[in-house]
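Chemist: Provided below for reference: sequence and predicted model.
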Amino acid sequence: MERKVKVAAVSYLNTKPLLYGFRGHNILRSMELSLDYPAKIARQLIDREVDVALVPVAIIPKLEEYHIIADFCIGAEGPVASVCLFSEVPLQEIKRIYLDYQSRTSVALLKILVRDHWKLSVEFIETTGDYQDKIKGTDAGLVIGDRALAQRHISPFIYDLGEAWLRFTSLPFVFAAWISNRPLPVEFIQQFNDANSIGLNNLPAVVAENSNPWFDLTAYYTQNISYRLTPAKRQGMQRFLGYLV
């Protein structure tokens with residue numbers, strides 16, 4: 001009997017529509033699912049501890065072999081809401097930026113925007129835990145995921161990275177994609193895509209399961225996160241990867 005395909009994903013709110021359909025799906029006979037934060041999952045995929053992962057696309061250059069296996073992703077065609085630079089002062093007054101340790105793609109995107117779009121001269125500060133309380137004065141912070149939705153109610157200045165990328169390139173952005181580090185059977189990929197689509201076709205049920213006090217999840221899932229990996233998104237992803245070389 002073939003071993004099960006090891007699949008890893010993030011447990012953020014933005015992945016809930018994609019993960020919803022795995023429950024009770026036939027594909028569970030041939031896969032195991034684990035959840036963690038983006039940077040850790042990326043390391044597992046690079047080290048071949050898992051076979052497939054919903055990973056930040058910035059890790060693609062680090063993979064010896066990669067295959068984008070699904071028609072779905074975590075993308076944005078405008079403001080994404082949950083990947084933002086937060087500040088108490090306007091952009092041009094920021095002196096230092098705390099970086100979110102949980103996502104390589106968001107950090108790489110921020111650095112591109114700071115250098116080439118906003119043209120700021122700032123110091124970047126790595127973090128290993130919570131740092132939102134340090135977003136004060138001329139110290140700003142890149143916050144992603146569910147914590148970003150909460151931070152929107154605290155910081156007066158919010159610079160949305162999805163929106164900034166669109167202004168900079170006129171292209172949508174892909175934050176994470178389902179990537180495998182080895183070829184997988186066509187049948188598995190077809191079932192995988194089917195499972196991904198179930199939650200997107202049942203968004204009211206997904207929203208009902210995932211309350212958030214900070215943000216309207218129906219709006220988040222339909223207006224901010226854009227899940228289909230369209231040709232335009234692939235083009236945006238290639239443009240982004242071009243900056244990382």
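Modeler: Good, I have the coordinates. As the structure is a computational prediction, the values presented were derived from the model and not from experiment. Numbering: from 1, shown residues only.
Chemist: Okay, buried residues for the longest strand along the chain please.
Modeler: Ranked by residue count and defined by DSSP state E, the top strand of the chain is strand 67-76. Buried residues in strand 67-76, counted by 16 or more other Cβ atoms under 10 Å: 68-70, 72-76. C-beta here means a position set from N, CA and C on the backbone, and glycine is covered the same way.
Chemist: Spatially nearest residue to Thr222, not counting backbone neighbours?
Modeler: Excluding the flanking residues, the one nearest Thr222 by Cβ to Cβ, 6 or more residues apart in numbering is Leu203, at 6.9 Å.
Chemist: And the longest strand of the chain, how far out from the chain middle?
Modeler: Distance of strand 67-76 from its chain centroid, counting by Cα atoms, centre = their mean, to the nearest Å, is 11 Å.
Chemist: Let's test this: mean pLDDT of the following helix or strand past it, rounded?
Modeler: Remark: after strand 67-76, the chain's next helix or strand is strand 83-87, criterion DSSP states H and E. For strand 83-87, mean pLDDT is 97.
Chemist: just stretch 49-65 next, same as before
Modeler: Summarised as a single mean, pLDDT over stretch 49-65 is 94.
Chemist: and that stretch, which residues are buried?
Modeler: 50-60, 63.
Chemist: From one end of that stretch to the other, what's the distance?
Modeler: Stretch 49-65 has its terminal residues 14 Å apart, counting by Cα to Cα, to the nearest Å.
Chemist: Can you report how many residues lie near the closest residue to Val55 other than its chain neighbours?
Modeler: The shortest distance from Val55 to any non-neighbouring residue, by Cβ to Cβ, 6+ apart, is to Ala42 (4.8 Å). Applying other Cβ atoms under 10 Å, we find 27 residues neighbouring Ala42.
Chemist: Quick one: classify Trp214 as helix, strand or coil.
Modeler: Judged by DSSP: H, G, I helix; E, B strand; the rest coil, the three-state class of Trp214 is coil.
Chemist: Include pLDDT and distance to Pro185 when you put the buried residues of strand 67-76 into JSON lines, please.
Modeler: Output for these, formatted as JSON lines (pLDDT from 0 to 100; distance: Cβ to Cβ, whole Å):
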{"residue": "Ile68", "pLDDT": "97", "distance to Pro185": "16"}
{"residue": "Ile69", "pLDDT": "96", "distance to Pro185": "10"}
{"residue": "Ala70", "pLDDT": "96", "distance to Pro185": "14"}
{"residue": "Phe72", "pLDDT": "98", "distance to Pro185": "18"}
{"residue": "Cys73", "pLDDT": "97", "distance to Pro185": "21"}
{"residue": "Ile74", "pLDDT": "95", "distance to Pro185": "24"}
{"residue": "Gly75", "pLDDT": "97", "distance to Pro185": "26"}
{"residue": "Ala76", "pLDDT": "98", "distance to Pro185": "31"}
